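Colleague: quick check, what structure comes out for this input:
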Amino acid sequence: MLAMLVLSAILSIGFSLATILFVEIRNSNDLLRTEAAIYGATAGTEEAIFYYKRQVPANQYAYTRSLGSVNVTSTVTSYSDSIFQAIVPPATTFANTSNQYALFDPNNIDAGSGFGKVSISYADTGNVNSLSVYVCEYDPTASPDSYFPKGPACSDQTSTSYWLSPSNEGNFSPGQTRDYILDPTRQQKIFMYNTGTTGNMYVQISTFGAQSPPGSGVYPPKGIPYLGKVGVYITGSDSGITRRIRSVIPNVSVAENTNTTNYASFANGSSATSSSFAYFVGFPCPAGQKCAVSPPTGAIDGSKDTRWADDGSGNPAWIEVDFPSAKTIHEIDVYTLPDGFPVSSYTATTSAATNGIADFQVQYGIGGIWQTVANVTNNLLAWRQFTFPAVSNVTSIRIYITRTNNNAPKTIMELEAY
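Modeller: Residues are numbered from 1 along each chain as shown. Reported below is the predicted structural model:
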């Protein structure tokens, strides 16, 4: 009996060791393949995001790459977030604000929105001006002359028939939050503007669906259809092992997506000035004059083979582009001198570590007042793209440079604004 127990124990231990050994060997093999899949997915992530942010349609940039034995593919999934932040720029009015948000059902634009509540919070960032807010609600099936007119109703700021209470134009204080109860069978539109002359306002908007269950006071989160985020999914596969990486980036609104006009282009009537520019004297330049080598117009001529460069006299330096008339923009692109110039194309990873601009501010001008979009430090890239909520009445953009890599001359190959 004892012998049988000992034999049984030995067999049991031997089987367990064999199982552990088998599992360890198998896991080690999978680990090697998993590493390759992860590396492949990681390698494809940045390029997929780059293509998406350039607003290339999905069927044009979905691709398969072979990195050794690793196949890499990308897909995009849009989804809506129930909470988003908005920037309300100064010197805006009800008539010209770009901070307008429609609540509707994208699958049936003649039906109710399905929203039951919206909560608006004005962040206290030191701006003492009042935030102006209107929330319009109307019957999407009604004729234009009905009590709740459709569409044009929201253009009449003076009417009280379709502005939800509180109709608190100019009455949002910093740090204040207000809730608006909505009728999910109707459609709504939110207007926000900032009549102050300086300083952006930062606002959080939270949207909710109809009460569920009815009468409970519970409003489930519900995202606005065209706002929120986009998930870019990168899948790497190797020998049957697949790994997926998800990168989440902000979505842009439908209205922003449609603009492909570069307002900063010389061809579209813009002009450029700068703090200084590189020049030479002597023949063939007329006596007593300085002839430009890299004038500011070199940064708006549509070519990334020409440039603007300052005269090297010191920091700071700036280049300004003035539009022929006020524009609504949501994107500014900055191209600086790439390593190994000239390059065939600029990508999200093209280096400018040798001679590019390092510390700078990206700004737009409204009514002679500069607003900073981004304050960049230690830049090492040749192309930087800056997107933001659409801003109206912009008359100019400016790049204000305080440092370059290796103390090189300040150089901008091209400036673009969309």
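Colleague: kindly list the longest strand within the chain.
Modeller: When the chain is scanned for its longest strand (criterion: DSSP state E), the result is strand 383-404.
Colleague: who touches stretch 103-115?
Modeller: With contact meaning C-beta atoms under 8 Å, 6 or more residues apart in numbering, stretch 103-115 is reached by 118, 140-141, 182-190, 207-210, 222, 224-226. Backbone N, C-alpha and C define where each C-beta goes, glycine included.
Colleague: looking at the residues you listed, which are in strands?
Modeller: Those of those mapping onto strands are 118, 187-190, 207-209, per DSSP E.
Colleague: beyond the least confident helix or strand in the chain by mean pLDDT, next helix or strand please.
Modeller: Within the chain, confidence by mean pLDDT, DSSP states H and E is lowest for helix 254-257 among all helices and strands, at a mean of 36. As assigned by DSSP states H and E, the chain's next helix or strand after helix 254-257 is strand 271-274.
Colleague: so which bits of that following strand are buried?
Modeller: Neighbour-count burial for strand 271-274, with 16 or more other C-beta atoms under 10 Å as criterion, is recorded at 272, 274.
Colleague: may I have the strands that pair with that strand, each with its orientation?
Modeller: Paired with strand 271-274 in the same sheet, following DSSP bridges, are strand 317-336 (antiparallel).
Colleague: and the angle for the strand it pairs with with strand 383-404?
Modeller: Between strand 317-336 and strand 383-404, the angle comes out at 140 degrees (axes from the mean of the first three to the mean of the last three C-alpha atoms, to 10 degrees).
Colleague: what angle do the helix or strand just after strand 317-336 and strand 317-336 make?
Modeller: Using DSSP H and E, the helix or strand that directly follows strand 317-336 along the chain is strand 357-366. Strand 357-366 runs at 110 degrees relative to strand 317-336, counting by the same axes, to 10 degrees.
Colleague: so what does strand 357-366 touch, helix or strand wise?
Modeller: strand 317-336, strand 369-376, strand 383-404, strand 411-417 (3 or more C-beta pairs under 8 Å, 6 or more residues apart in numbering; DSSP states H and E).
Colleague: residue 349: which of those is closest?
Modeller: With C-beta to C-beta as the criterion, residue 349 lies closest to strand 383-404 of these, at 9.2 Å.
Colleague: tell me which residues in the closest one are buried?
Modeller: Within strand 383-404, the residues scored as buried using 16+ other C-beta under 10 Å are 383-385, 387-402, 404.
Colleague: what's the answer for stretch 101-118, then?
Modeller: 101-105, 112-118.
Colleague: how long is it end to end?
Modeller: 11 Å (C-alpha to C-alpha, to the nearest Å).
Colleague: so residue 154, which of the three states?
Modeller: In three-state terms, and counting by DSSP: H, G, I helix; E, B strand; the rest coil, residue 154 is helix.
Colleague: got a list of contacts for stretch 325-336?
Modeller: With C-beta under 8 Å, 6+ apart, stretch 325-336 has contacts from 98, 252, 256, 259, 263, 304, 346, 352, 356-357, 360, 362, 364, 373, 379, 382-395, 397, 399, 411-418.
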